[in-house]
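[1] sequence unavailable; structure follows:
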């Protein structure tokens, strides 16, 4: 059974399917006859501010509509509780009789839950904590992949399939900058855009490899000479051999978030820096750059059916584990077929605050592409109904 | 009947439905028993380079697949023929017995066709020229709207619906920069993202009004104070009261295209300039900016059904006019119901090289929003199957 009332919150960056997990948890908590189901607004900050809503009073019909809507319906936060913050949380939880807490989020949210779980034990406060995974970065340990990533990957693949066609119609160089601070999975998903042998992206740069501007310029010129055009996918997190993010090489005043991270998204600086470098270091004149920015995690109407289903399932499983497993943990996704997954409850400290990056087997030896193993890994995730780009087959007319 | 062989080409920026027009023209030319149907690769440059394909040898099945694929399947060009260029074109057309030319494109392409049409008369070369409209900018005279705009508008609306949700989950200021040098239609389409009263975009800046940085900062602070967040749509073409593009106020070396236009797309400079200005001139700290760039005209899988149908139809109509009207012209779209359109053949010089901008009736008196008349105009175009954003309805939990 479920201990006390249930509280659910969402943390970190929104995804296309984060509300599937919310709705899965709410509906399953009803099935277990939870004595109350609350939602905290804007993550843990909604607990200390005592801004909560009574999810028990949501209709199933509206829950289904919300499930299909991208971005945290409860709102999110970047707050990362310390001990004092945790104690404030316990006061509120206690006052409302909450005994079970589900936090839907990524690395930072799982670490928040780990701290909370440990402090609850020390404070002798009976709290069952279960982490529900989500992140478009796909960088949670133990998990084969994370809810949110497949839909974002579908967006990135659809975007690159489009810009590849655009670049083929009006040849030149195109640089697309994709989210992902430490892990290159989402940037690598650009490779799913390829169908014909000469399709872009022709070059893919990941944060798992160090980035050198001269090598980059040489790679671009070589691809341009071969294809008469060049489409490039670059992770926002690319850095030099010392680990310094390339974007900081230009920016005068770089913004940092509450976790001490340099701001990478919400600015076009990296794409502009790279297109300027290509213009300066090659003979190519038509060079364009886009930063995909917030569209890749929120765009209305670009979602993977596989992702929707799994995101719902991890919400459901979290409630089942909370009711039956007798311990805290993180719901993790494991691939057990091609394509099939199963879910497990993993200890929080195996997931919390750690970052998974792409395995060497997924990155081409050249360092500027992915391997067939990555394609096998990623292809089932984006869904079988991806639109396809097709070409004319008409033969050339003989010159007169 | 159709005069001589038929040649089709595509010019200017690609759209999501430009191949619908190509396929409509090819299939209709077959129905009229054209003695040959050629396609020039990369617009008019494919004529002088004599790089053409025999579209008569395309299967109907493949044509349908190509029709559903975004971006000019024949390739495109930014070339703008002068007299000498036209004379080279005539040589090639004559050598291949081409008597009918369809050019699918926007302002510049229709002007190319106008020059070609006039020079053909002077040269006494029998050539039937029909322009098939397309442009995401929606800026062709005479037309109610242009093929390509509805799908791009759907992209922009879907993007803003998503970033509005993202911004609601993690409040701050978000600036999205949308294509459109002189006409604000595509930027205005961001308003279609709104559903609830406090949904963004809360401010919309169009090139039809002059842009003042201080007024902008004041507007943003006021919206932020009202909503606790602020989503802003800005046209890439916004300019000051003297007509100087805002983007040139920062950029050191600005690129110009073959038509003498400043490069606005393929750079994140404007969004970065605006987010920097907001940070400097207001008390708001979380400020993010994205430039939608090439995604809005090429993204695979974001298309309006209305747009697909109309783009096919203008291709078909062009062939019918060429076979029966006895004069050159541009196929134009006219609204004759809510919602219904009809097509007409308009003289080339009424469309060629001219730019339609948003009528005053479509722009709010404040200068930073659209009117209900714009919503009535734009809503039927994006299709009735736009995904919808839904919110939780749960009541607040009383404080303990």
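    Looks like it arrived, so ask away. Small disclaimer: the values here were computed from a predicted structure and weren't measured.

[2] contacts and neighbour counts: CA atoms only from here.
    Noted.

[3] first-to-last residue distance for stretch A:350-364?
    28 Å (Cα to Cα, to the nearest Å).

[4] what are the buried residues along that stretch?
    For stretch A:350-364, a neighbour-count test (16 or more other Cα atoms under 10 Å in any protein chain shown) marks A:351-358, A:362-363 as buried.

[5] next: stretch A:168-180.
    Within stretch A:168-180, the residues that count as buried by 16+ other Cα under 10 Å are A:168-180.

[6] take these and keep only those in strands.
    A:173-178 (DSSP state E).

[7] low-confidence bits of the stretch 251-400 of chain A, can you list those?
    A:251-266 (pLDDT under 70).

[8] how about the nearest residue to the residue nearest the centre of chain A, chain neighbours excluded?
    Centroid-nearest residue in chain A: residue A:136, 0.8 Å away (criterion: Cα atoms, centre = their mean). Leaving aside its sequence neighbours, residue A:136 sits nearest to residue A:149 (Cα to Cα, 6 or more residues apart in numbering or on different chains; 3.9 Å).

[9] ok, now residue A:375?
    Excluding the flanking residues, the one nearest residue A:375 by Cα to Cα, 6+ apart is residue A:192, at 7.0 Å.

[10] could you measure from that neighbour over to residue A:158?
    To residue A:158, residue A:192 is 8 Å away according to Cα to Cα.

[11] where does residue A:47 sit: helix, strand or coil?
    helix (DSSP: H, G, I helix; E, B strand; the rest coil).

[12] so who does it touch?
    Taking Cα atoms under 8 Å, 6 or more residues apart in numbering or on different chains, we find residue A:47 in contact with A:40-41, A:89, A:92-93.

[13] sorry, back to before: would CSV of the buried residues of stretch A:350-364 with distance to residue B:49 and secondary structure be doable?
    Below are the buried residues of stretch A:350-364 laid out as CSV (distance: Cα to Cα, whole Å; DSSP: H, G, I helix; E, B strand; the rest coil):
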residue, distance to residue B:49, secondary structure
A:351, 60, helix
A:352, 61, coil
A:353, 59, coil
A:354, 57, coil
A:355, 53, coil
A:356, 52, coil
A:357, 48, coil
A:358, 46, coil
A:362, 43, helix
A:363, 41, strand
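
[14] and the furthest pair within those residues?
    A:352 and A:363 (25.4 Å; Cα to Cα).

[15] about what we covered before: from the contacts of residue A:47, which ones fall inside helices?
    The members of those that map onto helices under DSSP state H are A:89, A:92-93.

[16] wait, the residue nearest to residue A:375 sits on residue A:155?
    No: counting by Cα atoms under 8 Å, residue A:192 does not reach residue A:155; the two are 10.4 Å apart.

[17] report how many residues lie close to residue A:92.
    Residues lying near residue A:92 (other Cα atoms under 10 Å in any protein chain shown) number 17.

[18] distance of it from residue A:40?
    Distance from residue A:92 to residue A:40, by Cα to Cα: 11 Å.

[19] residues shared between the contacts of those two?
    In contact with both residue A:92 and residue A:40: A:47, A:50, using Cα under 8 Å, 6+ apart.

[20] what helix or strand is the closest residue to residue A:127 other than its chain neighbours on?
    Spatially, and ignoring its direct neighbours in sequence, residue A:127 is nearest to residue A:99 (4.7 Å; Cα to Cα, 6+ apart). Element membership for residue A:99, per DSSP states H and E: strand A:98-105.
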